[in-house]
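Novice: Below is the sequence, then the predicted model.
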Amino acid sequence: MDWSIQEIAKMAGTTSRTLRHYDDIGLLKPSRTGYNGYRYYDGPALVQLQRIILLRELGLGLPAIAEVLDRETDTVKALTSHLEWLAQEQDRLTRQIASVRQTIDTMKGDGKYMAQNMFDGFDHTQYKDEVEERWGKDAYAASDSWWRGMSAEEKQQWKKHVQKLGADWISAAESGVSPDSDMAQDLARRHVEWLRGIPGTPSAAPGGDVKGYVTGLGEMYVADPRFAANYGGERGATFVRDALRVYAEKNL
């Protein structure tokens with residue numbers, strides 16, 4: 001059994017043009033092409049498309065998705081891992097929804113806020129143990145105090161800044177420029193300035209090993225898929241790492 005490109009586009013919430021592009025770049029081939037030139041997709045092709053959509057939602061670019069699909073050939077294993085991540089996200093979002101609903105009910109009702117319930121699902125301390133292991137308890141305490149001292153608007157602005165920096169890195173990596181290009185080095189400069197603004201990190205501490213910290217972070221971006229996803233996947237993270245290394249050698 002198979003489905004036409006129009007049917008698949010409608011079911012997947014995408015467009016026929018996108019599916020044709022996926023075919024052109026070798027990301028998703030139709031299972032057959034009809035005499036009229038129409039593309040048709042069978043079950044395995046739908047599974048491939050599902051994986052592509054899931055990886056896109058993680059922020060990966062198409063080149064990075066191609067790398068993942070080539071590397072993770074055990075589809076069941078890959079989908080099982082992704083399902084585990086989705087279940088964790090579902091739990092977190094469920095708790096956030098309940099928290100916000102409770103806040104709304106409180107504002108409409110007696111006005112008695114339950115602080116311990118208002119931020120369920122908004123856990124910014126999930127990497128506490130990892131930060132303390134890498135850079136010490138003082139580093140985590142300083143950055144945690146800095147974050148908690150921010151207003152909601154300041155936190156939102158900070159998140160937008162981080163998202164913009166990540167998006168610019170992805171664009172630069174996908175443009176084909178080299179890590180030592182002016183564009184990449186300007187991004188590296190912005191990245192280091194951003195790191196210097198986070199209390200508790202070696203880049204913010206007087207006399208800290210900024211060069212070692214920056215180059216070490218670059219390696220971590222490549223090694224840890226959680227961080228690589230912020231830069232479009234492993235290929236994008238490798239570009240960031242190489243650009244930061246060049247910048248560190250010249251300027252830190």
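Specialist: Cool, the structure landed.
Novice: Next, give phi and psi for the most far-flung residue of the chain relative to its centre.
Specialist: When distances are taken from the C-alpha mean of the chain, residue 35 lies farthest, 41.3 Å away, according to Cα atoms, centre = their mean. In this entry, residue 35 is assigned phi and psi values of phi -60, psi -20 (degrees, to the nearest 10).
Novice: residues near residue 235, how many?
Specialist: Close neighbours of residue 235, defined as other Cβ atoms under 10 Å, add up to 19. All C-beta atoms are positioned from the backbone trio N, CA, C, and that covers glycine.
Novice: shouldn't it be in contact with residue 63?
Specialist: Yes. Counting by Cβ atoms under 8 Å, residue 235 does reach residue 63; the two are 5.5 Å apart.
Novice: what's the least confident helix or strand in the protein, going by average pLDDT?
Specialist: Here the helix or strand of the chain ranked lowest by mean pLDDT, DSSP states H and E is helix 115-118, holding a mean of 45.
Novice: what about this protein, any weak spots by pLDDT?
Specialist: For the chain, applying pLDDT under 70 flags the ranges 59, 106, 109-148, 200-208.
Novice: Show me which helix runs longest in it.
Specialist: helix 75-108 (DSSP state H).
Novice: now the residue nearest to residue 244 when sequence neighbours are not counted, what's its secondary structure?
Specialist: Spatial nearest neighbour of residue 244, excluding adjacent residues (Cβ to Cβ, 6 or more residues apart in numbering): residue 218 at 4.2 Å. Assigned by DSSP: H, G, I helix; E, B strand; the rest coil, the conformation of residue 218 is helix.
Novice: dump the residue contacts of residue 218.
Specialist: With contact set as Cβ atoms under 8 Å, 6 or more residues apart in numbering, residue 218 has these partners: 240-242, 244-245.
Novice: let's see 6 Å
Specialist: Contacts for residue 218 were tallied using Cβ atoms under 6 Å, 6 or more residues apart in numbering; they are 241, 244-245.
Novice: try residue 183
Specialist: Counted by Cβ under 6 Å, 6+ apart, residue 183 has contacts 172, 177.
Novice: Any figure for the gap between it and residue 220?
Specialist: 23 Å (Cβ to Cβ, to the nearest Å).
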